[in-house]
Every structure is written in structure tokens, then in C-alpha cells.
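Colleague: the amino acid sequence is not available; the structure is as follows:
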């Protein structure tokens, strides 16, 4: 025995037999010789059967080792491994459910993200005024709360419940007087307008006159230096109409906003007209200057034509990214008046003079509905009947309309479509 243990690492032969040694394996004596027994690969079923026998405890480790020809230490390891993995067998169902639930949750998150992107796109593409969006909200809808309805159409909850505070009757009277005097003397600023009002028997402060003129969107017309720095948030485009020969329709469109007085308050009118023919293509009337106030009129106008150049002033409604994006996406060049240069957009300024003296001051509208009806009738008259001296005493529609062009005149929520054959 001592000799065998001594010579075991060197792999030598003895008188009792040939000893074959290896780094792994077992030594057994067969036919008077010690022979190598190679590594055995047991299947999973075999390991499970032996481990269950060991767990059952009906036989000792030695008996199991002799029966299955496996070392007792190996049987002990299989037994411990089986005991450790048995709880996982019963948790497999839960694991599968968690995996399936995780996959389902991932798909749901993906769908939610896609719906959010589509909802944001819909809000940007939805061209509706605040009043129209308010009309879409149904407070009696129980399934969808008001706050959620507002979020879906891009309207703030406070914007839905907001009610504008009307001006006092005395301020409205002063605004009507200023509105009548301003076209006569457009060079009047707040100081001269205050002096004129005092001459009419109204002892008002300059601050009140300045606020009312600012609310009406009017200021003295004169050339002046650069007194303020433009904001960085909105892009200001250059004025490109200087020395430009405008000789055909849809070459240049112009847009502007003016104040319209009402008996019960004030309203704001935006109009888009063709520069060459003086034809009014679209207009909108609201009681407040909203972000998409001008966008609604622009959306209707571009459905009937597309200009090469679109000219406006530098008001916040026209310099907003939402408004300029609509123009650039349609391939339209943008032109903006210089600061303090009202004559850069003289054609539409002349339109306001005609609208005020030929319609607004003669009617004295009671409310917004009456103003819409009156202005719709006037713009129809302006486009189809009123002679223009600069056009050879012809109507604007005769100059603007081709063989199949359409002119839309908005009357409340309906549109009257006129063709050249109907005129």
C-alpha cells in the first residue's frame, strides 16, 4: 500500500498490474490490474432519480453509491442542489406570469408613447379659435372630465372657465371717441389725444388714454429711430417689398389687425387681402387677441390660393412660431414691416380706413353677432360691387378672380362661395 501511494503520481507499473493514471478519473483493479475509469456524464433524469432516493432516506449513502456506482460526495451534492431548486419549481408559474406581465407593460408603454405623439401632432394641426374649442367641451360628459377634455383639444382648464371682464361704460365711450378721431389725425399720440379729449370735456389722464390706445392697437404714425431691442424668442423677417414691382394677383398678400368698437365692448378684426387686386380673401373677428386668432384666417385663405410673399407687421400674433411655420411649410416668403413704419403695409391700412368710415361708424354694432353680419355684408360689397379708382373703377374680384378661382366671404359659421360666373 505504501509503495502504491508513493508511485501513484508517476504512473508506473507494478507486479500486481498496470496502473494508468490521469488528472481526472478513478482507479479500479480489474483482472489483477489497476485500470483507469473515465469520466461519466450523467443525464438530468439520472441525477434527479438518485437525488430523490437520497432525499427519501430509505438507503444510506454507501448503498446508493454502490447501487448507482456514484461517489457518495457526488450524491450529497445532487441532494443539496435538488433541495435548493425545489422551491423554484413552484415559483415557475409566477415567474412566467411576471415575464408576460413585463412584456405586456412594455407594449402598453409603447402604445401610450405613440398615442401621446399623435395627440401632440393633432393639437398643433388643429386650427380652431378659443371660442370654438370651448364649444367642443361638454361639461355634462361623465365619462371624460372637463380637465381631460381640455387637455385633449389643447385648451387650458382656466382658459375654458375664463370670462373676460368688460370695460366700463365710460371707457367704452372714450374708446369710441378715440376710434373716430384717430383716422382723422393718425399722428396723434397719447399726449395729443389726451388734449383733444379734454377739449371735448373729458378730464382724463394720459395713462388712461395710453392704455386705451394700446388696447385698441393704435399708435401715432411717424418715422422714428430704433428705440427698443427686438426680442430673441420670435424671429423678425426683413421687409422685402421695397422697390418690388407688384403686377399680378397672388404675388403679395398682406394681413393686419384693427379694433372694432361694439356697444357692449370691443372686438378685434384680422383681414388677409391680395395686395395687387385689394381683394379681401379671409377675415376673422373675435373679442380677444388669441394665439391662433390669425392662424384661423390664414388657414382659410391658403385653401383658396397661395401667394409668393406674405407681408405683416411685427405683432406677436404674426411673429409667433405657429404662424410663421404655416407660411414656411407652404413655401411662402415672409416679409415684415419695419418698426414704426405703418406705410410699409399701406394697402391694408387703407382698407381699415374704408371699413371704419363706410361700415363701422355708420352701423354702431350692438354685439359681436351683429358685427360679424355687418362686416360679412361689407366685405361682400367691397369685393364685388365697390368701385376702386386705382383699379379703373372696377371691383376687386374682377381683378383677382381667374377662370375658376373662389372667393370666400365668411358669414358667422357659414361661407358664401362666389365664382366669376356668379358676379
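Modeller: That came in fine, so what should we check first? Everything quoted here is computed from the prediction, not taken from an experiment.
Colleague: per-residue confidence at residue 205?
Modeller: Looking at residue 205, its pLDDT stands at 93.
Colleague: tell me who's in contact with it.
Modeller: By Cβ atoms under 8 Å, 6 or more residues apart in numbering, residue 205 lies in contact with residue 194. Yep, even glycine has a C-beta here, placed from its N, CA and C like the rest.
Colleague: stretch 171-181: which residues count as buried?
Modeller: Within stretch 171-181, the residues that count as buried by 16 or more other Cβ atoms under 10 Å are 171-172, 174-179, 181.
Colleague: what's the answer for stretch 48-62, then?
Modeller: Going by neighbour count (16+ other Cβ under 10 Å), the buried part of stretch 48-62 is 50-51, 53-54, 61.
Colleague: ok, the buried residues of stretch 171-181 vs residue 201, which is closest?
Modeller: Of all these, residue 177 has the smallest distance to residue 201: 10.6 Å, by Cβ to Cβ.
Colleague: low-confidence stretches in this protein?
Modeller: In the predicted model, the chain carries pLDDT under 70 at residues 1-39, 88-93, 121, 123-125, 127, 221-234, 290-291, 339-343, 402-423.
Colleague: quick check: of the buried residues of stretch 48-62, which lies closest to residue 244?
Modeller: In terms of Cβ to Cβ, no member of the buried residues of stretch 48-62 lies closer to residue 244 than residue 51, at 94.3 Å.
Colleague: can you tell me the helix or strand for the closest one?
Modeller: helix 44-56 (DSSP states H and E).
Colleague: what is that helix packed up against?
Modeller: helix 61-68, helix 72-125 (3 or more Cβ pairs under 8 Å, 6 or more residues apart in numbering; DSSP states H and E).
Colleague: sorry, back to before: among the buried residues of stretch 48-62, which two are most distant?
Modeller: Longest span within the buried residues of stretch 48-62, Cβ to Cβ: 51 and 61, 11.9 Å.
Colleague: anything in contact with each of these two?
Modeller: residue 75.
Colleague: mind putting the helices and strands packed on helix 44-56 into JSON lines with distance to residue 338?
Modeller: Output for the helices and strands packed on helix 44-56, formatted as JSON lines (distance: least, Cβ to Cβ, whole Å):
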{"stretch": "helix 61-68", "distance to residue 338": "100"}
{"stretch": "helix 72-125", "distance to residue 338": "30"}
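Colleague: hey, which of those is tucked in deepest?
Modeller: helix 61-68 (a mean of 14; mean count of other Cβ atoms under 10 Å).
Colleague: returning to that earlier point: ok, so of the buried residues of stretch 48-62, who is nearest residue 263?
Modeller: The closest of the buried residues of stretch 48-62 to residue 263 turns out to be residue 51 (Cβ to Cβ; 97.2 Å).
Colleague: how near is the closest one to residue 395?
Modeller: Distance from residue 51 to residue 395, counting by Cβ to Cβ, to the nearest Å: 102 Å.
Colleague: what does residue 66 give?
Modeller: The spacing between residue 66 and residue 395, counted by Cβ to Cβ, is 118 Å.
Colleague: ok, which stretches of the stretch 201-350 of the chain are helices?
Modeller: Along the stretch 201-350 of the chain, counting by DSSP state H, counting those that start in this stretch, helices occupy 206-216, 293-302, 316-319, 321-329, 346-355.
Colleague: packing partners for the first one?
Modeller: The criterion is 3+ Cβ pairs under 8 Å, 6+ apart, and the helices and strands that helix 206-216 contacts are helix 169-184, helix 190-199.
Colleague: hmm, who's touching that helix?
Modeller: 171, 174-175, 178-179, 190-191, 193-194, 197, 219, 259, 266.
Colleague: equivalent analysis for stretch 59-72, please.
Modeller: 42, 46, 50, 53-54, 75-76.
Colleague: identify the farthest-apart pair in those residues.
Modeller: Largest separation among the contacts of stretch 59-72 by Cβ to Cβ: 46 and 76, giving 15.8 Å.
Colleague: okay if I get the contacts of stretch 59-72 as a markdown table plus distance to residue 215?
Modeller: Conversion of the contacts of stretch 59-72 to a markdown table gives the following (distance: Cβ to Cβ, whole Å):
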| residue | distance to residue 215 |
| --- | --- |
| 42 | 93 |
| 46 | 94 |
| 50 | 95 |
| 53 | 96 |
| 54 | 94 |
| 75 | 96 |
| 76 | 93 |
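Colleague: from the residues you listed, which is closest to residue 337?
Modeller: residue 42 (91.4 Å).
Colleague: check contacts around that closest one.
Modeller: Applying Cβ under 8 Å, 6+ apart, the residues near residue 42 are residue 70.
Colleague: quick one: closest of the helices and strands packed on helix 206-216 to residue 87.
Modeller: Judged by Cβ to Cβ, the one of the helices and strands packed on helix 206-216 that comes nearest to residue 87 is helix 169-184, at 81.4 Å.
Colleague: tilt between the closest one and helix 190-199?
Modeller: Using axes from the mean of the first three to the mean of the last three Cα atoms, to 10 degrees, the inter-axis angle of helix 169-184 relative to helix 190-199 is 120 degrees.
Colleague: ok, and what's touching helix 169-184?
Modeller: Counting by Cβ under 8 Å, 6+ apart, 167, 188, 193, 196-197, 200, 202, 204, 208-209, 212-213, 215-216, 218, 259, 261, 263, 265-266, 353, 356-357, 361 sit against helix 169-184.
Colleague: could you do stretch 187-203 as well?
Modeller: By Cβ under 8 Å, 6+ apart, stretch 187-203 touches 174, 177-178, 181-182, 185, 204-206, 209-210, 213, 219-222.
Colleague: what do you get if the cut-off is 6 Å, keeping everything else the same?
Modeller: Residues from elsewhere that reach stretch 187-203, judged by Cβ atoms under 6 Å, 6 or more residues apart in numbering: 204, 206, 209-210, 213, 220-221.
Colleague: the helix holding residue 51 vs helix 72-125, what angle?
Modeller: Helix 44-56 and helix 72-125 meet at an angle of 110 degrees, taking the same axes, to 10 degrees as the criterion.
Colleague: what angle separates helix 44-56 from helix 61-68?
Modeller: Using the same axes, to 10 degrees, the inter-axis angle of helix 44-56 relative to helix 61-68 is 150 degrees.
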